[in-house]
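Engineer: compute the structure for the input listed below.
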Amino acid sequence: MALQKGIVKSVLSGDTVILRGRPRGNGPPPERQVNLSFVSAPRMASVKKETKDEPFAFESRNFLRTLVVGKEATFRINHTASNSGLEFGTLYLAGQSRDVASLCVQEGWCRVRAEAKRSHVGGSNLSPQQQEQLEEYCDRLLDAEAEAKANCKGIWSISEDDEPIVPLERPTAFHGDAHAFLAKYRGKPLDAIVEQIREGSTFRLLVMLPNRQYPTQYQTLIVFLSGIKCPIVRKGIPGVEDLVEPFGEEAKFFVESRLLQRDVKVIVEGVAGTNQNFIGSIRHPAGNIAELLVANGLARCVEWSLNMVTDGPAKLRAGEQVAKRKQLRLWRDYEPEALSSANHATFDAKMIKIVTADTLLVRNSTTGKEEKVHLSSIRQPKSKDRKDAYFHHQAKEFLRKQLIGQTVQVRMDFIRPANEDFDARPCGTVMHDGMDVAEALVSQGLAGVVRYRKDDNNRALHYDQLLVAEKQAMDANRGIHDKKTPPVFRINDVSETHAKARQFLPSLRRSGRIPAVVDHVANGGRFKIILPKENTKLTFILAGIRAPRVGRTSEDGSEPFALEAQAFAVDRCLQRDVEIEVDTVDKSGGFIGTLWLNHDENFALALLEQGLAQVHEHSANQSTHAKELFSKERAAKAAGLNLWRDQQDNDSQSPKITNTTTASQAASIPLVGPTSPTPNSIANSLAGMQLTTYNPEYVDVVVSEITVANRFYVQLVRDAIPGLENLMAEFALYHMSSAAAMVPPHYVPRLNGICSAQFTVDNQWYRARVVAIPASNQATAAVPATVHVYYLDYGNSEVLPVTRIRPIPDHFLTLPAQAHEATLAMIEMPKRDKEYGKEAYDRLRGSIEHRPLVAVVESRSRRDGTYPPAGETLTEPLLQVTLYDPMVSANPEASVNADMVRAGLALVKNDDPLAHHNPRQFNHLQRCQEEAKQFHYGMFEYGDIMPDEN
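Structural biologist: Purely as a prediction, here's the structure:
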């Protein structure tokens, strides 16, 4: 019979091989199983029959495997078994005259079958010449077997008298704890044999484990190639529908022809999900099969395991790009996206501010414009999550210390499209001294990496390095990947109230220079400061100077050179390490003192030197730096810098900035007293704000009490000064007399009755009304034990024992009640016990408490907020007011009402009748509400909370 050609694909046992033909264009090449004639090898284990290896079965197969797999061969079929259809033949390696079976017998890995010893082998259908050749061939086999026995080779290495050899256990599936196996062998190259290729990127390996106790220990692993995925090939699985994706068979053949039953090194890199399967890299002396697959268009890179690749993903990505460019196989329909040159602009910039852990504000060195850059492909820790808040702060600190004030290189990667929650976001890669800022964050465990769809190419320039850095951070349990609970991050705001600030003042004074970080610049001389060691923040005001005020909004105009002073302070101070010295505290809780840059530069002097501030004479005279302050101001005046540009160097022509009451001056104004502002003095500062079609009533007021959401009590200054102080002086004298102390025995406080009540805070007597008598606290049926009173002139209330209640003489009732209940017109606020209620209350309190205000009384309503019909007289009206702080602004739109709405802590009442009477104010409130929505302030933090009809 003529010789045929083939390539040895695999070896099933020591006497059986699988041969394949040459590749065909329409599918995998044909395969053929050939059993070696006249010889038999020990049987291998069978999974189906649940048998085990016979002694030397694996060694026999291994000899034949290393001898023939992957090599060209010629073969002759000698005969075919009539029962099983198995073909038996003689196999020769190309270029060799000796057959393979003889070599196996000679090395002791096969026995000669009994039929080779008969006088007539091969059967009667052979010619005499063929019969003679077979007999000679069998004689050679027998001679080779005798030689192997004599030399005790292979299966003949033990005699019949020796104890039987127990084959090493060779599992056909993984046994044990996959995660424990990974922990022990991760990253270590292990010797392995590729037993099966399920699809191009999925292997079954027989791994030889290093073990000091045994010569060899085996384990079977299913391994998915890390970083890539080939098309699926699923055939012949019972109960599962066949699935062969395009190029799946080609990818499988590509790998089989190179690696099946070859010796390789496997590096285990991860566990695939909850299964007993692994992710890893397979190395062969000829190269990395994963790189070849992607370069030939037979596999795609996959994000979920790309970061596990031991050698890094760069070569895989490069190979994929080559395949895309050549449009090979999987990429035959690939078309490169048209990229805008603007998307990949590169420029140098100065780092201005770390906005969040993944958002930076930079100043373009070429254009001078400030631009916001979002770091591409990373996800910052959530600042509002209790666990992540600590790492969010750590990430910002890491960036601040590395980058603030430094020159960086920015490469724009893509623009994330706008959606209903966010505007379009320019995303880029930021480099500093060769360091990728995003990669540095990820490697420290201070950010995660965004995973993308396989068709989404909008990602960071060094995306693969980000994946590798994240994997390393996860393996090292760094930052957000640490399973330990991080410390609770909490910053204590000591400027929250004046009382709280006073508590901290002594210790801050004693500390001298305190290391600090400037967190926010309100204007050139006012800052939010963080004290890292104390975990506190405070408002800080530069002593001895006054910087121009910056408007709160674009509509609230800033003073001349305010923006320039603010920009100068931002450039020099924002997020820099500084030192502060505290002198005193103002009534709003702001600390006043000196701010030092670089240990020896007084920033107040720097502002004066640039003509961006002026000396506040009273404050400066109390400063130890008074001489320097005045000297710097004189020099700036002489040079005509900024504020002094058009001024001569004399005091009479110094610039005037309106409404300049200082913090210390404002704090000195009492609630009610002879030094209060004169009637209408504050209202006059808002001259010209009346509309021709609207005539509001202006009154000077002070807020005496804040009760519930958007409800407070005001005293009208023009009424309180002449009347209330005189009455309270007489009232105090009366209650010090013996006549007042003699309460009639029959006196019983009555509901809604007017009485004298002794306030529990200062033990002084005030006019009050009994508003409730708690039934559960009555001592007897006739005399209650406690009563709930409301103080007529101040608006506050409390529950008092009857021992603090006295009857009031009639002559003390002639002066009307001085506390008038009021509410901010056209808006509503959340209750204090509701979400954002406390924030709203605190902001309102900080805006209106302990300061002279102007109230524009828009209207008077019932106490429930409804309006009476025409002709009805209200005895105790609720004042619907718009409040202004003249020390903040004289702009008619800079009201407290608008400030609350703009902060997202109040909502506009669209159905309020006042909207028709004062449309200008109403429309401005609507604009403020839209601004709060746009920037997600307050209640709009997570989106629009308003119903569609609003």
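Engineer: measure stretch 601-620 end to end?
Structural biologist: Distance across stretch 601-620, first residue to last, is 17 Å (CA to CA, to the nearest Å).
Engineer: got the buried residues for it?
Structural biologist: With burial defined by 16 or more other CB atoms under 10 Å, the residues of stretch 601-620 counted as buried are 602-616, 619-620. Quick note: C-beta positions are derived from backbone N, CA and C, even for glycine.
Engineer: please tell me the pLDDT value assigned to the residue lying closest to L792 once chain neighbours are set aside.
Structural biologist: Counting by CB to CB, 6 or more residues apart in numbering, L792 lies nearest to A817, which is 3.9 Å off, once chain neighbours are set aside. Turning to A817, the model gives it a pLDDT of 89.
Engineer: quick check: A817 touching Y791?
Structural biologist: No - between A817 and Y791 there is no contact under CB atoms under 8 Å: 9.2 Å.
Engineer: okay, now the unreliable bits of the stretch 101-250 of the chain?
Structural biologist: By pLDDT under 70, the low-scoring segments of the stretch 101-250 of the chain are 118-126, 160-166, 212-215.
Engineer: can you give me the strands in it?
Structural biologist: Counting by DSSP state E, counting those that start in this stretch, the stretch 101-250 of the chain has strands at residues 111-112, 189-199, 202-209, 217-225, 228-229, 233-234, 243-244.
Engineer: same deal with the stretch 301-450 of the chain?
Structural biologist: Taking DSSP E, counting those that start in this stretch, the strands of the stretch 301-450 of the chain run over residues 346-356, 359-364, 370-375, 378-379, 407-416, 425-432, 435-436, 448-449.
Engineer: now do the longest one and strand 407-416, the angle between them.
Structural biologist: The reference is to strand 346-356. 80 degrees (axes from the mean of the first three to the mean of the last three CA atoms, to 10 degrees).
Engineer: state the mean pLDDT of strand 346-356.
Structural biologist: The model assigns strand 346-356 a mean pLDDT of 94.
Engineer: A817 and Y791: which is more packed in?
Structural biologist: Legend: neighbour count by other CB atoms under 10 Å for A817 and Y791, higher for Y791 (21 against 18).
Engineer: relative to A547, how far out is E564?
Structural biologist: Going from E564 to A547 by CB to CB, to the nearest Å gives 10 Å.
Engineer: right, I mislabeled it, should have said T539
Structural biologist: For T539, the distance to A547 - CB to CB - is 14 Å.
Engineer: which of those two has more neighbours?
Structural biologist: More crowded of T539 and A547, by other CB under 10 Å: A547, with 28 against 23.
Engineer: wait, the more buried one touches A565, no?
Structural biologist: Yes - at 5.0 Å, A547 and A565 qualify as touching, with contact defined as CB under 8 Å.
Engineer: which residues do these two both contact?
Structural biologist: Listed as contacting both A547 and A565 by CB atoms under 8 Å, 6 or more residues apart in numbering are N523, G524, G525, L607, L612, A613.
Engineer: ok, and which of the strands of the stretch 301-450 of the chain has the densest surroundings?
Structural biologist: Among the strands of the stretch 301-450 of the chain, the stretch with the highest mean neighbour count (mean count of other CB atoms under 10 Å) is strand 448-449, at a mean of 22.
Engineer: report the rounded mean pLDDT for that one.
Structural biologist: Rounded mean pLDDT across strand 448-449 is 92.
Engineer: so which elements touch that strand?
Structural biologist: Identification of packing neighbours for strand 448-449 by 3 or more CB pairs under 8 Å, 6 or more residues apart in numbering; DSSP states H and E yields strand 378-379, helix 463-475.
Engineer: redo those as JSON lines? Include mean pLDDT and distance to N296.
Structural biologist: Formatted as JSON lines, the helices and strands packed on strand 448-449 follow (pLDDT from 0 to 100; distance: least, CB to CB, whole Å):
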{"stretch": "strand 378-379", "mean pLDDT": "93", "distance to N296": "32"}
{"stretch": "helix 463-475", "mean pLDDT": "89", "distance to N296": "20"}
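Engineer: which residues does R198 contact?
Structural biologist: The neighbours of R198, taking CB under 8 Å, 6+ apart as the test, are R204, I222, V233, K252.
Engineer: go with 7 Å
Structural biologist: R198 sits next to R204 when contact means CB atoms under 7 Å, 6 or more residues apart in numbering.
Engineer: ok, it to D583 distance?
Structural biologist: Per CB to CB, R198 is found 77 Å from D583.
Engineer: enumerate the positions of the longest helix along the chain that are buried.
Structural biologist: In the chain, ranked by residue count with DSSP state H as the criterion, the top helix is helix 128-150. Using 16+ other CB under 10 Å as the test for burial, helix 128-150 gives Q131, L134, E135, Y137, C138, R140, L141, A144, E145, A148.
Engineer: do stretch 528-535 as well
Structural biologist: Neighbour-count burial for stretch 528-535 flags K528, I529, I530, L531, E534 (criterion: 16+ other CB under 10 Å).
Engineer: bridged to the fourth one, which residues?
Structural biologist: Using DSSP bridges, the bridge partners assigned to L531 are T536.
Engineer: can I assume it is in contact with A516?
Structural biologist: Yes - in this structure, L531 is within contact of A516 by CB atoms under 7 Å, at 5.4 Å.
Engineer: for the residue nearest to A635 when sequence neighbours are not counted, phi and psi?
Structural biologist: Nearest non-adjacent residue to A635, counting by CB to CB, 6+ apart: E609, 6.8 Å away. When read as degrees, to the nearest 10, the backbone of E609 gives phi -60, psi -30.
Engineer: my read: K52 touches M44, true?
Structural biologist: No - look at K52 against M44 with CB under 7 Å: they stay out of range, at 9.3 Å.
Engineer: tell me which of those two has more neighbours.
Structural biologist: Of the pair K52 and M44, M44 is the one with more neighbours under other CB under 10 Å, namely 19 against 13.
Engineer: the more buried one - that's part of a strand, no?
Structural biologist: No - if the criterion is DSSP: H, G, I helix; E, B strand; the rest coil, then M44 is coil and not within a strand.
Engineer: look through this structure and report the residue furthest from the middle.
Structural biologist: The centre of the chain is farthest from one residue, P128, which by CA atoms, centre = their mean lies 86.2 Å away.
Engineer: from K229, how far off is it?
Structural biologist: To K229, P128 is 60 Å away according to CB to CB.
Engineer: likewise S797?
Structural biologist: 72 Å.
Engineer: check V771 too.
Structural biologist: In terms of CB to CB, V771 sits 75 Å off from K229.
Engineer: which of the two has more neighbours?
Structural biologist: For V771 and K229, the more surrounded residue by other CB under 10 Å is K229, and the numbers stand at 20 against 13.
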